[in-house]
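Trainee: got a sequence here, can you model it:
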Amino acid sequence: MDKRIIIPGLAILIFSVVWFGADASWTQGEEEEWVALVGDSPLHLSDYRDAYRDYILSTGLPDTPRRRTDFLERLVTMRLLALDARKQELADSPEFDLQRERIRQKLLIEGYVTSEVLSPIEVTEDELREMFVRVNTRWEASHLYAANLEEAAELKARLDAGEAFADLAREVFADEQLRANGGSVGEFGFDEMDWAFEDAVFAMNPGDISDPVQTAQGYSIIRLDNRFTQPILTESEFAERKGGLTRYVLVRKHEKARDVLRESILDALAPRFDDTALEALLSGLNGTAALDAESELLPSDVLVEFNGGQMTAEAFLSAAGMTSEEQRAAVTDTESLRSFIQGLLIRQELVRRAEEEGIEETQAYHIADRREQYDLQYEAAWKHLEGEIVVPDDSIAAHMARFPAEFEIPARVRVQEVLLDDASLAAELARQATSSNFAELAAAHSIRQGAAASGGDLGFVTREQLGQVALPVFDAPVGSIVGPLAVGGRFVLFHVVDKSPERPATIAESRERIEDQLRAAWVRKTVRERAEELRSEYPIERRLDLLDDLALRSTDTPSVATLNP
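Mentor: Have a look, this model is predicted:
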């Protein structure tokens, strides 16, 4: 296997994504003052501060007095729509009930992980000074990759017995460059490699060879070839970067603490999988936390047993419903399904621990839940307004007139196809094929799925869809048999059934596309109009003086640029 560059996060198992949603900025402390009062709903200063801080960090815009007041008005608008959604009970539906349960579990996990695992972590002066040296250091290293600890230990033993590093590199790597350069990863600096890899080389001297180091991609035996640290590191430079260094050290320590927690829970649960049930589950999944109707797996079938219980197919589907569509779509094979289920088990255990610790009764939980519920109500209001929008015909026509080139129907050709993996059979069928028997030949011989039912009919296709075979097909007159043409190691015959020249699209053909393009602007317009109506229904008080001296605290990860010299 080729392992050239090891970047943090590239090989995170899916269960890490499933359950670690905490951002380590869990709100603690006393309830703060409100900066705006919308009706009888206070917009708290802490809510404003955190939302505005995230906005500034995500956009890169400068913090100015005008931007602070403008952002407050944006939050007031969102609160007005949330209150309107609550009044109309727009968020009272199974869809939003499911989202509320997702929110509850997420907040319980965040609260538990933060209060029980992350909050006790501190950063020492020695750790800051070590990090300061590290960000001013560059290394050159080589490594030998192994998929597991046993293979890595064997490689280390062979090195200790006198075998050459370069000889082993030629053996373990398939990549010619890594084989030729002895497994060299070249020169790298701070935060350019997997954290475990960087931790190892930081503790090494040139010429040292490490024991097996576990990274996100497997295991590495590392040889440090060279290192260079900036020779003059002053106290003033250290002081300037101390804030960013503190945050970065904290982030790394938090990630390591999460890893330890994850592994400790898995060790305690000791899950034992039924491989047959996993295969049946995988074949029946459709990416929506549901099984295909034809699945042979029963809801009561046990997928995994663990210390303290078991997970059935029915329980799996319920737990998977708490994850995102993207996370479910990432399950593509048995191994990723196994990791996904491990993540669900970890998630369930964390929720259990959080409930046992009474996280749901803490003020921090209520503050975070308050924010989430207002966001949920705002989302419901937005969806409701979006669903009521009908883009007028005159706006659609005007848009088409303004951008006519975007709404041309390209030239198309209707074809029937016979796809084969045998050249001699393709040549024989080309001699037999006529307009009248082509569908019959396609049904009998084409390896294209569905050809038996469709007679090989692909419908109308464009040049772009046909790709490299477009030219001979489009050049052939209607009724022609084209081919066999070699495509990707296979052979294809086409029957040209009909042709349609390029022409302007009609409004009916373009309506859906134009509505999608215009809908966002119309939604924003509708939201603004509805918010203005609501401003006359709800009294609004603002305390703009609180914005003047508001300090933006940031627990976000600083960019590498702020740490490097």
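Trainee: so which residue is dead centre in this protein?
Mentor: Geometric centre of the chain, nearest residue: Glu326, 6.6 Å, by C-alpha atoms, centre = their mean.
Trainee: that residue is in what secondary structure piece?
Mentor: When elements are assigned from DSSP states H and E, Glu326 belongs to helix 325-329.
Trainee: for the following helix or strand past that helix, C-alpha coordinates in PDB please.
Mentor: Tracing the chain past helix 325-329, the next element assigned as helix or strand by DSSP H and E is helix 334-356. Only the C-alpha atoms of helix 334-356 are listed here, as PDB (Å, rounded to 0.1, in the frame of the first residue of the first chain):
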ATOM      1  CA  THR A 334     -18.800  -4.500   5.900                       C
ATOM      2  CA  GLU A 335     -15.800  -2.800   7.500                       C
ATOM      3  CA  SER A 336     -17.300   0.700   7.400                       C
ATOM      4  CA  LEU A 337     -20.600  -0.800   8.600                       C
ATOM      5  CA  ARG A 338     -18.800  -2.300  11.600                       C
ATOM      6  CA  SER A 339     -17.100   1.000  12.400                       C
ATOM      7  CA  PHE A 340     -20.400   2.800  12.000                       C
ATOM      8  CA  ILE A 341     -22.100   0.400  14.500                       C
ATOM      9  CA  GLN A 342     -19.200   0.900  16.900                       C
ATOM     10  CA  GLY A 343     -19.900   4.600  16.700                       C
ATOM     11  CA  LEU A 344     -23.600   4.100  17.500                       C
ATOM     12  CA  LEU A 345     -22.700   2.000  20.500                       C
ATOM     13  CA  ILE A 346     -20.300   4.600  21.800                       C
ATOM     14  CA  ARG A 347     -22.900   7.300  21.200                       C
ATOM     15  CA  GLN A 348     -25.500   5.300  23.200                       C
ATOM     16  CA  GLU A 349     -23.100   4.800  26.000                       C
ATOM     17  CA  LEU A 350     -22.200   8.500  26.200                       C
ATOM     18  CA  VAL A 351     -25.900   9.400  26.200                       C
ATOM     19  CA  ARG A 352     -26.400   6.900  29.100                       C
ATOM     20  CA  ARG A 353     -23.600   8.400  31.100                       C
ATOM     21  CA  ALA A 354     -24.800  11.900  30.400                       C
ATOM     22  CA  GLU A 355     -28.300  11.100  31.600                       C
ATOM     23  CA  GLU A 356     -26.800   9.400  34.700                       C
END
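Trainee: which residues touch Val469?
Mentor: Applying C-beta atoms under 8 Å, 6 or more residues apart in numbering, we find Val469 in contact with Val482, Leu485, Val487, Val492, Phe494. In this view, the C-beta of every residue, glycine as well, is placed from N, C-alpha and C.
Trainee: pretty sure the fourth one belongs to a strand, no?
Mentor: Just to be clear, that refers to Val492. Yes - using DSSP: H, G, I helix; E, B strand; the rest coil, the secondary structure at Val492 is a strand.
Trainee: on that earlier part again, next, work out how far apart the residue nearest to the centre of the chain and Gln342 are.
Mentor: 18 Å (C-beta to C-beta, to the nearest Å).
Trainee: please apply the same query to Lys242.
Mentor: Here the criterion is C-beta to C-beta. By it, Lys242 lies 39 Å from Gln342.
Trainee: assign Pro299 to helix, strand or coil.
Mentor: Secondary structure, three-state DSSP: Pro299 is coil.
Trainee: which non-adjacent residue is nearest it?
Mentor: For Pro299, the nearest residue in space outside its immediate sequence neighbours is Glu314; the separation is 3.7 Å by C-beta to C-beta, 6 or more residues apart in numbering.
Trainee: equivalent analysis for Asp421, please.
Mentor: Leaving out its chain neighbours, the residue that sits closest to Asp421 by C-beta to C-beta, 6+ apart is Arg490, at 5.2 Å.
Trainee: what of Arg542?
Mentor: Ala36 (5.0 Å).
Trainee: about what we covered before: these two touch, right, the residue nearest to Pro299 and Ser300?
Mentor: Yes - with contacts defined as C-beta atoms under 8 Å, Glu314 counts as touching Ser300 at a distance of 6.7 Å.
Trainee: tell me which of the two has more neighbours.
Mentor: More neighbours surround Glu314 than the other of Glu314 and Ser300, with 15 against 9 (other C-beta atoms under 10 Å).
Trainee: could you measure from Thr362 over to Met400?
Mentor: Relative to Met400, Thr362 is positioned 56 Å away (criterion: C-beta to C-beta).
Trainee: which of those two has more residues huddled nearby?
Mentor: Neighbours around Thr362 and Met400, counted as other C-beta under 10 Å, are more numerous at Met400. The numbers are 19 against 16.
Trainee: wait, the more buried one sits on Asp393?
Mentor: No - the pair Met400 / Asp393 is not scored as a contact, 10.6 Å apart, by C-beta under 8 Å.
Trainee: mind listing the shared neighbours of these two?
Mentor: Residues touching both Met400 and Asp393 (C-beta under 8 Å, 6+ apart) are Ile507.
Trainee: what's in contact with stretch 195-214?
Mentor: Counting by C-beta under 8 Å, 6+ apart, stretch 195-214 makes contact with 6, 8, 134, 137, 139, 141, 143, 146, 149, 152-153, 155-156, 159, 165, 190-192, 215-216, 219-227, 252, 255, all of which sit outside it.
Trainee: pull up the distance across it, start to finish.
Mentor: Using C-alpha to C-alpha, to the nearest Å, the end-to-end distance of stretch 195-214 comes to 10 Å.
Trainee: mind listing what's buried along that stretch?
Mentor: Buried positions in stretch 195-214, judged by neighbour count with 16 or more other C-beta atoms under 10 Å: Trp195, Ala196, Phe197, Glu198, Ala200, Val201, Phe202, Met204, Ile209, Ser210, Pro212, Val213.
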